[in-house]
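[1] Generate coordinates for the sequence data below:
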Amino acid sequence: MSAMPAVRSPLVRALAAAALLASASLVAPAAAAKGTLVYCSEGSPEGFQPQFFSTGTTFDAVSVPMFNRLVEFKKGTTDIVPALAESWTISPDGKVFTFKLRRGVKFHSNAQFTPTRDFNADDVLFSWARMADANNPWHKLTAGQTFAYYDDMGMQNIVEKVEKVDPYTVRFTLKRAEAPFLADLAMDFASILSAEYFETMMKKGTPNAADAYPIGTGPFTFVSYQKDATIRYKAFDAYWGGRPKIDNLVYSITRDATTRYAKLKAGECQVMAFPKPADLPAMKADPALAVQQKEGLNVGYIAFNTEKKPFDNKLVRQALNLAVNKEAILAAVYQGQGQTAKNPIPPILWGYNNAIKDYPYDPEKAKQLLAQAGYPNGFETELWYLPVTRPYNPDGKRMAELVQADWAKVGVKAKLLTYEWAEYRKRSKTGEHQIVMFGWSGDNGDPDNFFVPLLGCEAVKGGGNAARWCNKDFEALVVKAAQTPNQAERAKLYEQAQVIVHDEAPWIPVAHSVRFDPLRKEVKGYVMDATAHHYFDKVELVP
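    I've put the predicted structure just below:
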């Protein structure tokens, strides 16, 4: 996504010109402008449509500042609170959710669109139908784009219908009871779009502009995007949740963590993403800075493409687990700021199976399993490593180098590859990789949010299941767990599911990290998010 996309229509040219004018109106450097907060982010968004994507980098730049959902999470927690829905009721059988919508909620405007009405039930129905109905005219509007999270979570198997009861009441009827459903609706993919905006762009003959230039109900409105460099937003005066305390918000896209730190120290940004663990002692000692930290609801992992040889062989996957020295990775990459992983979910999450014994670092046993699998001399493969810093992995390249060296000791020669983040995501979704490095930060505090979009069968089609692993026994357990209202009973099912994942070894679970958010002391009111997002709508700058 850039300020001048491929579509060269009058609308796009007008929007681009307006964006450039708005961009120029901000004082340079941005940090010097009154009421402007600069956030040094770690990467570029894949696009500006929250329904299409599933990465934290994109959500941080799109759904967090510019959109709302029916329900949301109280900042710093995974507690569900009202948002665009003021209240809701759930039927005794857990299959019907009825939402009373908030009145008086305004949508943003831009150079080509001024809303004529407030948010209402039509927007909820439009937003959901676009994802759910393959015959919806907006479903396949943008070529090559899928509804990543909707698909990965198997929502087509969960939601039967969404109905408008009246202009400010909507009803979701499920095909089956689904314990995590309310929390699912608080996730980024469930952001509410403006039906009127899309309809207006269609009438003007430029429907793609509705995905390129976001219109939401959130605290900040979109101003401009300079690809791989800067995203600019301004406070939305009519925001239903109260106008932000800062006037302008700027994302300074800075891939290198060392450069982000230098900008933070120089006052060129007031908050930075994902510091290097080695820099933390100096940050904590700097009187101009404050460092917030939170135990990570995350996992960093390496996934084998089980659809490709030799990774369709469980013995090979187990061998490569045995061949990796996780403790060395924890020391070198995480600098001890975390713990080694043995399960797909972190130990702070309910349902964690601590009885599972991790694969020990045992190169000799790894060689035996490789020989048993028919590879006594090893083999050659490719390992894709993360091109950006992530909350679950501070240095993908360094991790890959350590894994490469470990595997070489058992005869497996791994060529290291990477791509720009959006390309990396795009290629991995289609299963182009042999082995790929990824990770996950939980979105809703429910184990289902790890198991289904990362290891579920539907997520193979959606692309979130990078291992492309579909196990019927595992699938049956997680589906049953989602339909079980009692949390203790759900936890037992998830514990059984983890036994299957451990034995089948579609991943190497590497580590769960501690997260850190460094900021300058003049930033007040910042609350570290439980799901690794960065929220600035309640932040102010106090010199």
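[2] the helices in the stretch 201-350 of the chain, which residues?
    209-212, 257-266, 280-285, 314-322, 326-332 (DSSP state H, counting those that start in this stretch).
[3] and the first one, how far out from the chain's middle?
    What that stands for is helix 209-212. Here helix 209-212 is found 20 Å from its chain centre; the criterion is C-alpha atoms, centre = their mean, to the nearest Å.
[4] How about stretch 80-94?
    24 Å.
[5] What residues sit buried inside that stretch?
    Residues 80, 83-85, 88 are the ones in stretch 80-94 that count as buried (16 or more other C-beta atoms under 10 Å). All C-beta spots, glycine's among them, are computed from the backbone N, C-alpha and C.
[6] Likewise for stretch 189-199?
    So stretch 189-199, judged by 16+ other C-beta under 10 Å, has buried residues 189-198.
[7] chain center to that stretch, what's the gap?
    Using C-alpha atoms, centre = their mean, the offset of stretch 189-199 from its chain centre is 20 Å.
[8] what's that stretch in contact with?
    50-51, 54, 63, 67-70, 84, 107, 113, 115-117, 119, 122-127, 130-131, 138, 147-150, 184, 207, 210, 215-217 (C-beta atoms under 8 Å, 6 or more residues apart in numbering).
[9] ok, of these, which come out buried?
    50-51, 54, 63, 67-70, 84, 107, 113, 115, 119, 122-124, 126-127, 130-131, 138, 147-150, 184, 207, 210, 215-217.
[10] Which of those residues fall in strands?
    Judged by DSSP state E, the buried ones among the contacts of stretch 189-199 include no members of strands.
[11] the strands in the stretch 201-350 of the chain, which residues?
    For the stretch 201-350 of the chain, applying DSSP state E, counting those that start in this stretch gives strands covering 220-226, 230-235, 248-253, 271-272, 289-295, 298-304, 338-340.
[12] Quick check: buried residues in the first one?
    Pointing back at strand 220-226 there. In strand 220-226, counting by 16+ other C-beta under 10 Å, buried: 220-225.
[13] picking up where we left off before, could I get the strands of the stretch 201-350 of the chain in a markdown table, plus columns for mean pLDDT and distance to residue 179?
    Listed next are these as a markdown table, based on pLDDT from 0 to 100; distance: least, C-beta to C-beta, whole Å:
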| stretch | mean pLDDT | distance to residue 179 |
| --- | --- | --- |
| strand 220-226 | 98 | 33 |
| strand 230-235 | 98 | 36 |
| strand 248-253 | 98 | 35 |
| strand 271-272 | 98 | 35 |
| strand 289-295 | 95 | 24 |
| strand 298-304 | 97 | 21 |
| strand 338-340 | 95 | 28 |
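[14] got TSV for the ones you listed, with distance to residue 176 too?
    Formatted as TSV, the strands of the stretch 201-350 of the chain follow (distance: least, C-beta to C-beta, whole Å):
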stretch	distance to residue 176
strand 220-226	37
strand 230-235	40
strand 248-253	40
strand 271-272	42
strand 289-295	33
strand 298-304	27
strand 338-340	36
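[15] Those: which one's closest to residue 454?
    Residue 454 lies closest, by C-beta to C-beta, to one member of the strands of the stretch 201-350 of the chain: strand 298-304, at 8.4 Å.
[16] got the buried residues of strand 220-226 as TSV, with distance to residue 529 columns?
    Output for the buried residues of strand 220-226, formatted as TSV (distance: C-beta to C-beta, whole Å):
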residue	distance to residue 529
220	16
221	21
222	21
223	23
224	25
225	23
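[17] Show me which of these is closest to residue 523.
    Out of the buried residues of strand 220-226, the member with the shortest distance to residue 523 (by C-beta to C-beta) is residue 220, at 16.2 Å.
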